[in-house]
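Participant: Task: produce atomic coordinates for the following.
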Amino acid sequence: MKKIIPALTVAFASASILAACGSNTDSSTSDDKKTEIYTSTFATAAIAREIGGDQVNVKMIVPPGADPHSYEPTSKQLTEIAKGDLFLLTGTTLEPYSKKIQESLKGTDVRFIETSKDVTLLESDATLHAHEEEGHTEDEHAHEEEHDDHATDEHAHEEKGHDHGKYDPHVWLDPVNAKAMARSITVALSKEVPKDKATFEKNLKAFDQQADALDKEFKQAVADGSKKELLVTHAAYGYLAERYGFTQLPIAGISPSDEPSQKQLAALVKEARMHDLKYVAFEETVSPKVARVIQKEIGAKSVTIHNLESVTKSQQNNSYFKLMEENVQTLKQALQ
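Facilitator: As a prediction, this is how the structure comes out:
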């Protein structure tokens with residue numbers, strides 16, 4: 001991401017100074033000092049709070065309502081992160097700035113943890129709708145060719161340290177994936193604070209139980225629905241759709257800034273009418289004007305869905321499970 005370089009120059013210099021001086025200033029502090037954790041998304045922050053409990057202090061670097069896809073950390077934030085213990089990444093293209101941050105903080109004690117390392121990633125184009133009538137055969141042919149190289153891509157996924165230019169980053173919206181992320185965070189915290197390992201593992205067990213219950217609720221919500229299509233403002237719900245057997249019809253792409261063409265919009269309206277969809281699922285932090293146009297065009301009502309990559313200021317202290325439970329209710333309503 002080329003434009004990030006000037007913005008981070010001062011931060012890199014600050015981090016270098018910290019590294020030279022030695023950032024490990026904790027040796028004289030109390031053993032009761034909380035582990036300082038930084039995250040890029042609300043989801044990773046919320047999961048880290050569930051696992052770490054009172055032993056951690058979690059800070060999300062992306063401000064409430066901001067788009068993590070395009071956010072650039074400030075110089076002040078880079079300096080603060082350099083004083084922390086862990087930086088939790090999803091390990092996907094959601095954080096294009098992560099490599100530069102890691103390079104700038106070499107020599108500090110900050111450990112970068114890729115929480116999605118044990119998750120099977122979905123290709124981003126597999127989560128998008130293909131509604132244009134013309135060129136449909138070509139699209140399918142290209143999709144088949146892409147799958148011919150799937151083994152090679154997975155090998156690259158292993159070898160290149162999670163370089164996911166073609167993968168959907170919204171892994172946490174599948175509760176099963178959230179369990180894998182929670183395990184990664186538990187391992188990282190146990191290495192960071194060995195004396196609290198038993199506590200972290202106990203919290204992980206509780207998290208897994210809640211995630212399993214949530215998984216059953218999603219299955220039931222989709223099974224009870226008369227529809228299998230969900231019209232959403234942007235393509236964040238591929239993992240949820242893949243897990244529970246419905247189709248997301250996104251108005252914008254993987255990033256909310258990826259707006260559809262007029263042809264795509266016309267095709268989307270046609271498909272929404274074909275399935276007699278009565279609802280458009282809006283996110284509090286992403287509400288493109290074009291979605292309102294489509295809502296009016298098909299005469300649909302609006303419901304709220306949470307992408308958990310970013311939240312509003314009033315939602316910052318909510319738990320992962322609270323917002324996901326609300327998503328269950330949204331699916332029940334939208335798929336009825």
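
Participant: The stretch 201-336 of the chain: helices as residue ranges?
Facilitator: Taking DSSP state H, counting those that start in this stretch as the criterion, the stretch 201-336 of the chain carries its helices at 238-244, 262-274, 289-298, 320-334.

Participant: where are the low-confidence patches of this protein?
Facilitator: Scanning the chain for pLDDT under 70 picks out 1-32, 92, 125-165, 287.

Participant: follow-up on the earlier one: which one of the helices of the stretch 201-336 of the chain lies nearest to residue 87?
Facilitator: Of all the helices of the stretch 201-336 of the chain, it is helix 320-334 that lies closest to residue 87, at 18.8 Å by CB to CB. Where C-beta positions appear, they are placed from N, C-alpha and C, glycine not excepted.

Participant: what distance separates that closest one from the middle of the whole chain?
Facilitator: 16 Å (CA atoms, centre = their mean, to the nearest Å).

Participant: likewise stretch 237-253?
Facilitator: 14 Å.

Participant: Would you mark the buried spots in that stretch?
Facilitator: Neighbour-count burial for stretch 237-253 flags 237-244, 246-253 (criterion: 16 or more other CB atoms under 10 Å).

Participant: Check the residues you listed against residue 228 and report the nearest one.
Facilitator: residue 246 (4.7 Å).

Participant: From residue 124, how far out is the nearest residue to the closest one once chain neighbours are set aside?
Facilitator: Sequence neighbours aside, residue 228 is the residue nearest to residue 246 in space, at 4.7 Å (criterion: CB to CB, 6 or more residues apart in numbering). Counting by CB to CB, to the nearest Å, the separation of residue 228 from residue 124 is 21 Å.

Participant: Hmm, residue 273 is touching residue 299, no?
Facilitator: No - look at residue 273 against residue 299 with CB atoms under 8 Å: they stay out of range, at 9.4 Å.

Participant: what touches both of these two?
Facilitator: Contact criterion CB atoms under 8 Å, 6 or more residues apart in numbering; residues shared by residue 273 and residue 299: none found.

Participant: and residue 268, how many neighbours?
Facilitator: 22 (other CB atoms under 10 Å).

Participant: mind checking the SS state of residue 88?
Facilitator: Under DSSP: H, G, I helix; E, B strand; the rest coil, residue 88 falls in the strand class.

Participant: per the record, what domains does the chain have?
Facilitator: If you go by automatic domain parsing, the domain ranges for the chain are 4-120+168-211, 213-334.

Participant: quick one: the strands in the stretch 151-300 of the chain?
Facilitator: Applying DSSP state E, counting those that start in this stretch to the stretch 151-300 of the chain gives strands spanning 229-234, 247-252, 279-282.

Participant: Show me which of residue 228 and residue 124 is the more surrounded one.
Facilitator: Neighbours were counted for residue 228 and for residue 124 using other CB under 10 Å; residue 124 has more, 22 against 13.

Participant: quick one: the more buried one from residue 318, how far?
Facilitator: Taking CB to CB, one finds residue 124 at 27 Å from residue 318.

Participant: one step back: let me know which of the helices of the stretch 201-336 of the chain is the nearest to residue 312.
Facilitator: Comparing the helices of the stretch 201-336 of the chain by CB to CB, helix 320-334 comes nearest, at 10.8 Å.

Participant: Check the helices of the stretch 201-336 of the chain for me and report the most buried one.
Facilitator: helix 238-244 (a mean of 22; mean count of other CB atoms under 10 Å).

Participant: Which elements pack onto that helix?
Facilitator: helix 175-192, helix 197-224, strand 247-252 (3 or more CB pairs under 8 Å, 6 or more residues apart in numbering; DSSP states H and E).

Participant: And the contacts of it?
Facilitator: So helix 238-244 is in contact with 122, 124, 126-128, 168, 170-171, 173-177, 215, 218-219, 221-222, 230, 247-248, 327, going by CB under 8 Å, 6+ apart.

Participant: Could you check how far the residue lying closest to residue 226 once chain neighbours are set aside is from residue 263?
Facilitator: Spatial nearest neighbour of residue 226, excluding adjacent residues (CB to CB, 6+ apart): residue 336 at 6.2 Å. Per CB to CB, residue 336 is found 30 Å from residue 263.

Participant: same question, residue 305
Facilitator: Applying CB to CB to residue 305 and residue 263 gives a distance of 26 Å.
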